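Chemist: Following is a predicted model, sequence given first.
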Amino acid sequence: MPSRSTYGSLSLAFFSFVLLSGILLAIPYNVDKPYTSISEMLIMNPWASFVRNLHFWSSQLFLIFSFLHLYDHFHRKSKIGLKKAMAFRLAIGVLIIFLAMITGFLLKADADSIQARQILFTLTERIPLVGKILAFSLLGKEGNFELIYVHHIATFTIFITIIIIEHAKRLWPSPQDFFIAFLILIGISYFWTAPLHDTMNPAVKGPWYFVGFQEILHWMTHPEWSVLFITLLILLIYIVNSGQGKAMFLSKRTLLIFTLFYGILTLIGLFFRGENWQWSFPGTKDYKYTVLHNFKTETVNFSPTFSETDARKSPVIMDRKESCVICHKDTHGFTDSHNPKAIGCFSCHGGNPFATKKTQAHKNMILIPGNLENSRQSCGTAQCHPNITERIPTSLMSTLSGMISVDKYVFGEQKSPNSLTNVNQLIGHSAADVHLKNLCVRCHLGNAKTETGPITDASRGGGCLACHLNYNPKADTAWQKHQQNQNDTTYLKYHASISLQVNDNHCFGCHSRSGRISTNYQGWHETTLLKSEMPKDSIHYRLVEDSRVFKKEPADVHHSLGMQCIDCHTSYELMGDGKHYAHEENQEVVQCIDCHFSGKPHLTPANKLTDESAIISSLRFGSITGKKYLTTHKRNQALINTWYKNDTAFLISKKTKKVFAIKAPAKQCQRDNAHKDVSCSACHSSWAPTCIGCHNSYDPNEPGFDMLRNKEEKGSWVEYTGSYLAQLPSLGMRIENEKEEIIPVIPGMILSIDLSNFNKKLHDSLLFRRLYAPIAPHTTSKTSRDCKSCHNNPTALGYGSGKLTYVVKGNNGTFVFYPLYENNKHDGLPEDAWIGFLQNRTGMVSTRTNVKPFTVEEQHKILLVGACLSCHKENSKVMKRSLNDFSDVLKHLSPRCILPDWYSDKKSGH
Amino acid sequence: MSENKHTRRNFLKIAGGLIGLSAVGMWAELTKNQIDLLNKKTVTFPFNPNREISFTDEFIIKNSEGKVITYSAHCTHMGCIINKEINGKLICPCHGSEYNLNGIPVKGPAYKPLEKFKTTLSTDQKQVIIET
C-alpha cells in the first residue's frame, strides 16, 4: 500500500465516490422523466441534490486526476513499458472514461444534453461500416434514455472497474486517499451545485471537457474526420504506455502539445462563445446572460424556505419543477398565455428556477422584464416571441430614425432627412446630437422602464411593456398601497398582466408630442397656458401629467365611435416588419381606402394570414376559419379586426367588441375627377396642430438632462415656443414614384437656432429654417372641408394666415393677399408662411425630400377655382359641373365671368 | 503431447473467434432490424395553414405559397436540433450553421442541405403527414 497520495491513488478514491454516490443517486433519478426528476431533487430533496453534486464532482475529479496521473508520465522521459495488451486496454479505457462521463452528462436531459446527444450520435454514426449500429447501440432511440442509462451505470462502469483492478491491482483506495477525497468532495458538493440548463439560455454547450472539441467541430465542415483524430489520440496513449525510444518520446510530446492546444480551445469555448457559438466577449450586451450564466451555481440548502407539501402541489412547468411558483402560488392577474402555471415565473423574470431560498432564487432576477435590454432573455426566448423581439429594434419606435435625421438635417449636419439613423448610435456631441439628447429622444422603446407601476401619461419607452402592460384595478390598488407602505406586500398577489389590450393611453405618453396624434385623435389641442392659467372646472380643458394644458377641439370621428389606435394600426406597423425605415409614412401601411373602398375589396382569406395575424385574431375574436379579411393595399397586411361578408365590410373594435359596417367613400369622392390626386386626409382633417415662432438656443448654465443616458448635466438646449394653433392644415404636394398627391402639411419647423453658445467657433452661429412637415392629423371628420377652405384660403396654399381677396376691376381679376404676421427678418416671408404669395420656393423647404409646396402654376390652378368660388356658391350647378370637367366649364364662360389676369394672359398667348 | 496442446489451443482460438464473430453478427442484425423498425415510420401533425415555419422535435415543416415541405430538424453538420428561425434563417444552436428557408446552408460549418421528407396533407387539409 503506498504511503503517500499520488494522482493515481486519488483518482481511485474519487472513483469509489462515483460508484457510491451513483448507487444512491439511482434512487431519486427517474430515467423516464430525467429532467423533471433532477429538478425535483434540486427543489424538493436537498439530500438527493447533495448526492447528485457528490456524483458530479467525484466524476469530474476522477477525470481530472486520471489525466494528471497520465500527465505524470508524459513529462518524464523514461518509458512506462506496460504489456501491449494492458496498454491497449488502458488506451481504450481512456475512451470509455469519456463515454461514461458524457453519458452522465446526457442523462440530465436538459437543453445542453439533448444537443450533445445528437452530436455524439452523428459522430458515431459516421464511423465507416459499423457507425449506424454502433450509434444506435450506444444511445438508442431519440428521446429515450434507457440505453444510455444502462451503459452509464453498467457497461462503462464495469469496464472502468475492471481496467482499474487490472491496472492498479486493487479497487478500494487507501483510507488516507479516501479521507482526502471525502473532505474535498463534501466541501465542493455543498458549495457548488451540479449544473442543470434552465432551457432559457440560448447558448448550448457540452460538458467542460468537450467544449474544446465543440470548438474544433465548429471549424470542421467534415466533422467525421475527427473520429480519425480521436483514434490517433488513443493510439498515441497506447504508444506512450507500451512503446519505447523515439516513438514513445514523440508520442508523449505530441500529447503534451495537444493538451496545451486543447486547453486553449477549452477556454475559448467556455468563456468566449455565446448563442449559436458566436464570439462573445466580456462587456458585450449578452455576455453575462449567454456565457457567465453557465457558471451560475448555488450552495445546497438543507432547509428549504417552503414546505414539502407546497412543493409537491406545485405544477410541473415545461418538464420541470420551478421553485418560484411554490412561494408565489396565489398570484393572480395574468392572461392565460402568461399564466405562471404554464410558463412559470422564470420565463419572464429569470433568477434561479431551482433555488430553495429567496436570496438564491432572486439572484440575477429581472425585476422588470420586457424592457428591450432584457427582452431577448424574457419575451424573446426561443419558446416565446423571438421573431418579434428581433424585429422591434429595427422599427421606428425603437430607432427614431426620422426624428434624428430631420433634426440633424435642420441643424445642417446631415445632407438628407432620409438617412437611416438609430438612437442607439447617437453617440456624438454635435449641436444636433446634444439637442436631440436634451429635448427629443426620451420617446423610444429602448428607453427602459425602471420602476414598477402602470403606464401613464408620463411614461416613455419601456420596450414590450410600453404597449402591453396593464394593471387591473386590484393590481393597481395593491401597487399604490405598496408605494405608500413598502411593507405592504399585497401587490405580490396581484400581478400586472401582459396582454393584447393595447389601449390609447399606452400610446399617449409619446404620441401626445410633436405631431400629437394621440391628443388630436381624442380632440385635445395643446396650448401654451401654464397649469396655473388653466380655467378651473372647465370640461374644455385638460391637464396632463407633465403639466401641459390642452383645450378641447373636435375629436377624430373614429374616436367618437369608440375606436382605439390599434383598431386601425396593425402589429407590423407598430412593432415593425424587420426593415429599417426612414420615416413613419414609410413604415405605416394603413390607408383610408383599405377600409373605405369603392368597388372590389382587397381581401386575404383566413388560411393565408401570417402566423402572427392568425394567432392574434384567434386570441381576440375566436375562430378565424372561413373569414376573409380586408387587406392593406400597401404591403398586403391583413386587418384582423375586419371581415367581408355578403358584399359588406365590417370592423370590430378590439377593445369594445362593437361591430361597425364600414361605409364606402362618399359619391363625391368616388366620381370626382378634379380631386383624384387629393389624399383623403387633405379634405377630411378637421384641424391640425401648428406652432410658429420657435427659437432654440444653447444655455451653458441651464440644468440639462441627457435623455439617452438618463443623467442630469450642466448646460442644455432650450426651446422657446411662439404660439400653438389648431387650424385647418395647409396643403402640399408629395411626389412618390412619379405620382403626385396633395397632402396636409403643417409649419413643422419654422425656427431659428442660435449656435453661438454651443460652440463659439461655429462660423454661422444663427440658423434660420422655414420647413413644413407632412402630417397625418388624426382629426378625421365625416364631412370634408369646404371648397373655399382650400381654393380661397391663404393658409391652405402656404402663404400663411391673412386675408386673400379676389379683386375685379373692369375686365381684370387679381388676387390680393394681406398677411396677418409681419415678415420675418431672415427671409422676408410672413412668420407662418411656407411660400411667398404667388411665388415658387425650392431647396430646403420641407422635412421630407418628396414633399414640396405648390408651384406658381399649381397655385394658379387652385386659385382659378377660387376665383369662380368668389361669385359662385360651392353647391351651385356650375361648380358641381366643374368637378367632372372644369375645362368644359371654362369653355362656356359667361361674359360676366372675369378670370384672373394670368389665365387671360395665358389664354391669349401672352 | 505438445502437438495435441497446440491443436487444442488452435481449436479454442478458432472456436472463440467464431463465437465472437457470431456475437458481432447477431449484434449487427438485431440492431439493424431495430433501426429499420423505428426509422420507417409515418408521423402526423396538426397542420397550421397560417404558420410558414413550424418546429417539432425532429422536423421543420415549411408551408409557403401553397406547398408544404418537411425538412429534418437535424443540422447536417453534427445533427443538432434546429429549433428557431430568425429573419428567414434557420439557425443551429450548437455551432451556428445557418440555412435559408429552402434548407440550403448559407453559413457553415454545415455545407449539406437539410434532409427532405415526403409530405402530404390530409384530404381535409387539417393534418400534415410525413413519411420518413
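Modeler: Right, received. Where do you want to start? Residues are numbered from 1 along each chain as shown, chains lettered A, B, ... in the order given.

Chemist: Could you use CA atoms for every contact and neighbour count after this?
Modeler: Fine.

Chemist: Residues touching stretch A:598-610, excluding its own?
Modeler: The contact list for stretch A:598-610 (Cα atoms under 8 Å, 6 or more residues apart in numbering or on different chains) reads A:594, A:614, A:624-633, A:638, A:644, A:664-665, A:670, B:49-52.

Chemist: What ranges in the stretch 751-900 of chain A fall below the confidence cut-off?
Modeler: Residue ranges of the stretch 751-900 of chain A with pLDDT under 70: A:761-764.

Chemist: Chain A - how does it break down into domains?
Modeler: Using automatic domain parsing, the domain ranges for chain A come out as A:8-293, A:515-554, A:565-590+A:600-663, A:680-907.

Chemist: Mean neighbour count and distance to A:Arg312 for the ones you listed - can I get that in a markdown table?
Modeler: Output for the domains of chain A, formatted as a markdown table (neighbours: other Cα atoms under 10 Å in any protein chain shown; distance: least, Cα to Cα, whole Å):
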| stretch | mean neighbour count | distance to A:Arg312 |
| --- | --- | --- |
| domain A:8-293 | 19 | 8 |
| domain A:515-554 | 18 | 48 |
| domain A:565-590+A:600-663 | 18 | 32 |
| domain A:680-907 | 18 | 45 |
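
Chemist: Filter the contacts of stretch A:598-610 down to the ones in helices?
Modeler: Of these, the ones assigned to helices by DSSP state H are A:Asp594, A:Ala614, A:Gln670.

Chemist: The closest residue to the first one other than its chain neighbours and chain B: what is the separation?
Modeler: Counting by Cα to Cα, 6 or more residues apart in numbering or on different chains, A:Thr632 is the residue found nearest to A:Asp594 once chain neighbours are left out, at 5.2 Å. Shown here: A:Thr632 relative to chain B, a distance of 18 Å by Cα to the nearest Cα, to the nearest Å.

Chemist: Kindly check the end-to-end length of stretch A:520-540 for me.
Modeler: 14 Å (Cα to Cα, to the nearest Å).

Chemist: Identify all contacting residues around it.
Modeler: A:519, A:541-543, A:547-556, A:559, A:688-689, A:723-726, A:777-779.

Chemist: same check, this time on stretch B:72-87
Modeler: Against stretch B:72-87 from outside (Cα under 8 Å, 6+ apart): A:115-116, A:118-119, A:121-123, A:221-223, A:382, A:386-387, A:390, A:578, B:53, B:55-60, B:90-94, B:97, B:109-117.

Chemist: any chance of the ones in helices among the contacts of stretch A:598-610 in CSV, with distance to A:Leu256 and pLDDT too?
Modeler: As requested, these are exported to CSV (distance: Cα to Cα, whole Å; pLDDT from 0 to 100):
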residue, distance to A:Leu256, pLDDT
A:Asp594, 72, 94
A:Ala614, 59, 89
A:Gln670, 85, 71
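
Chemist: and A:Tyr698, that's in a strand?
Modeler: Yes: applying DSSP: H, G, I helix; E, B strand; the rest coil, one finds A:Tyr698 inside a strand.

Chemist: Dump the domains of chain A into JSON lines; add distance to B:Gly16 as well.
Modeler: Formatted as JSON lines, the domains of chain A follow (distance: least, Cα to Cα, whole Å):
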{"stretch": "domain A:8-293", "distance to B:Gly16": "17"}
{"stretch": "domain A:515-554", "distance to B:Gly16": "88"}
{"stretch": "domain A:565-590+A:600-663", "distance to B:Gly16": "63"}
{"stretch": "domain A:680-907", "distance to B:Gly16": "78"}
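
Chemist: Nearest to A:Glu373 among those would be which one?
Modeler: Counting by Cα to Cα, A:Glu373 lies closest to domain A:8-293 out of those; the figure is 8.3 Å.

Chemist: Where strands are concerned, which of the contacts of stretch B:72-87 count?
Modeler: B:Ile53, B:Phe55, B:Phe59, B:Ile60, B:Leu90, B:Ile91, B:Lys116, B:Phe117 (DSSP state E).

Chemist: The residue of the stretch 201-350 of chain A found nearest chain B in helix, strand or coil?
Modeler: Residue nearest to chain B within the stretch 201-350 of chain A (Cα to the nearest Cα): A:Asn276, separated by 4.3 Å. Put simply, A:Asn276 is helix when judged by three-state DSSP.

Chemist: List the residues that contact A:Ala661.
Modeler: Counting by Cα under 8 Å, 6+ apart, the residues that A:Ala661 touches are A:Thr648, A:Ala649, A:Phe650, A:Leu651.

Chemist: Figure out the length between the terminal residues of stretch A:101-113.
Modeler: 12 Å.

Chemist: wait, does that stretch make contact with chain B?
Modeler: No: Stretch A:101-113 is not in contact with chain B by Cα under 8 Å from any Cα of the partner chain; minimum separation 9.0 Å.

Chemist: Read off the pLDDT value for the closest residue to A:Arg52 other than its chain neighbours.
Modeler: Among residues not flanking A:Arg52 along the chain, A:Leu25 sits closest, at 6.2 Å (Cα to Cα, 6+ apart). Looking at A:Leu25, its pLDDT reads 95.
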